[in-house]
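**Student:** Sequence and predicted structure, then a few things I'm wondering about:
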Amino acid sequence: MNASLMKWRFPKNPMLSSEILKKVRKIQFKVNRLLNAPFAGQYASVFKGMGIEFDEVREYVPGDEIRTIDWNVTARAGAPYVKRYVEERELTMMLVVDLSGSQYFGAAGPLKSEIAAEISAVLAFLAINHNDRVGLLLFSDRRELYLPPQKGRRHVLRVIREILNYQPAGRRTDLKGALDFTGRILKHRSIVFLISDFFAPDFEGSLQRIARRHDTIAIRITDPREEELPAVGLVKFLDLESGEELLFDTSYPPGRELLRRQREEYRRSLERLFKANKVDYINISTARPYIDDLQKFFTLRQQRLR
């Protein structure tokens, strides 16, 4: 097991307030749990060595594989040329995190935004523990904050500080814009974690484009009360993104059933979308420990790649 994270020390640092420092140490404890056997090495085996980066074109020499011949260059040069590739030993992880109004909901436990922040920080710790680059995009209905991918402890502490402490200016969700921006700034194949509740319109085309070029994992964070309501009579609901209010009679069974069916159909439509675009999907509920879901994802993905 690589236990380098367990040796980290966080001295007094203007980047980290005492409150954030407590959160960082709590997250560090969870990361160390992920790094315990049998999880040790799963991150590396799941992601390391998967990326093959184009390096150059050179003349063919006897022994080169025929399938590496670049036929376009060969036709122009009048002599056979082959493409040379190198294995990407260092990876880039991009965290694309939704900070829209709907993320600040949590009836059954912590807010969805708190879970998103912790998961992002855990993933950042995992990446830096393997000497990978980490970038961050926080978005709502606008690009809130972008930190280009870098390596190093100081950079990761900056990423974690922003994740845990950032106050967004926007309230609505522009997932399409966030995906399009991510696609523009990532020049090489990367690991892209999309962390959101995915209550957003018209992002299917943008998801398809980014999934075609990058290893994309969707982490959807939900709260049980978004899926099914208890019968507690008249309840006034506030839309956290639009500010609109709605009075709803939760004691009316057909109304609750309609809401449940709508949410279920939306969940299934998301699953179909992710599957069609070969996007891995993790569903996280605020009502249960997310570490178990993350560990299950890495284990299943490792088994699938064998």
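**Tutor:** All right, it came through fine.
**Student:** so how far does stretch 133-148 reach from one end to the other?
**Tutor:** End-to-end distance for stretch 133-148, by C-alpha to C-alpha, to the nearest Å: 9 Å.
**Student:** got the buried residues for it?
**Tutor:** Buried residues in stretch 133-148, counted by 16 or more other C-beta atoms under 10 Å: Arg133, Val134, Gly135, Leu136, Leu137, Leu138, Phe139, Ser140, Asp141, Glu144, Leu147. Glycine gets a C-beta too; all of them are placed from N, C-alpha and C.
**Student:** From Leu111, how far off is the nearest residue to the fifth one once chain neighbours are set aside?
**Tutor:** Read it as Leu137. Distances taken as C-beta to C-beta, 6 or more residues apart in numbering place Val96 nearest to Leu137, at 4.8 Å, with adjacent residues excluded. Val96 is 19 Å from Leu111, where distance means C-beta to C-beta, to the nearest Å.
**Student:** okay, those two: which has more neighbours?
**Tutor:** Neighbour count, other C-beta atoms under 10 Å: between Val96 and Leu111, Val96 has more, with 25 against 16.
**Student:** which element is the more buried one on?
**Tutor:** strand 92-98 (DSSP states H and E).
**Student:** and the helix or strand following that strand with strand 92-98, angle?
**Tutor:** Counting by DSSP H and E, the element after strand 92-98 in chain order, helix or strand, is helix 112-129. Orientation of helix 112-129 against strand 92-98 (axes from the mean of the first three to the mean of the last three C-alpha atoms, to 10 degrees) gives an angle of 170 degrees.
**Student:** what's the offset of helix 112-129 from the middle of its chain?
**Tutor:** 9 Å (C-alpha atoms, centre = their mean, to the nearest Å).
**Student:** and the angle from the helix or strand that that helix is followed by to strand 92-98?
**Tutor:** Following helix 112-129 in sequence order, the next helix or strand is strand 133-139 (DSSP H and E). Comparing the axes of strand 133-139 and strand 92-98 via the same axes, to 10 degrees yields an angle of 20 degrees.
**Student:** Please work out which residues outside whichever helix or strand comes after strand 133-139 touch it.
**Tutor:** Heading C-terminal from strand 133-139, the first helix or strand you meet, by DSSP H and E, is strand 143-150. With C-beta atoms under 8 Å, 6 or more residues apart in numbering as the test, strand 143-150 has contacts from 92-94, 99, 133-138, 155, 158-159, 162, 166, 168-170, 177-178, 181, 185, 190.
**Student:** can you pull the contacts of the residue nearest to Leu137?
**Tutor:** For Val96, counting by C-beta under 8 Å, 6+ apart, the contacting residues are Leu137, Phe139, Ala178, Leu179, Thr182, Val192, Phe193, Leu194, Ile195, Ser196.
**Student:** how about a cut-off of 10 Å?
**Tutor:** 120, 135-139, 146, 175, 178-179, 181-182, 192-196, 210, 216, 218-219 (C-beta atoms under 10 Å, 6 or more residues apart in numbering).
**Student:** Leu138 pairs with what?
**Tutor:** Counting by DSSP bridges, Leu138 forms beta bridges with Val97, Leu145.
**Student:** What helices and strands are in contact with the helix or strand hosting Arg272?
**Tutor:** In the assignment (DSSP H and E), Arg272 maps to helix 253-276. Secondary-structure packing of helix 253-276 (3 or more C-beta pairs under 10 Å, 6 or more residues apart in numbering; DSSP states H and E): helix 204-213, strand 215-222, helix 224-227, strand 245-249, strand 280-285.
**Student:** just these: most buried one?
**Tutor:** strand 215-222 (a mean of 23; mean count of other C-beta atoms under 10 Å).
**Student:** the inter-axis angle of it versus helix 253-276?
**Tutor:** Using the same axes, to 10 degrees: strand 215-222 against helix 253-276 is 170 degrees.
**Student:** who does strand 215-222 pair up with?
**Tutor:** When DSSP bridges is applied, strand 215-222 pairs with strand 191-196 (parallel), strand 280-285 (parallel).
**Student:** Send over that strand as CSV, restricted to the C-alpha atoms.
**Tutor:** The C-alpha trace of strand 215-222 is given here as CSV (Å, rounded to 0.1, in the frame of the first residue of the first chain):
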residue,chain,number,x,y,z
ASP,A,215,-12.5,8.7,-19.9
THR,A,216,-15.6,10.2,-18.4
ILE,A,217,-17.3,9.2,-15.1
ALA,A,218,-20.6,10.7,-14.0
ILE,A,219,-21.2,10.9,-10.3
ARG,A,220,-24.8,11.8,-9.6
ILE,A,221,-25.7,13.0,-6.1
THR,A,222,-29.3,12.7,-5.0
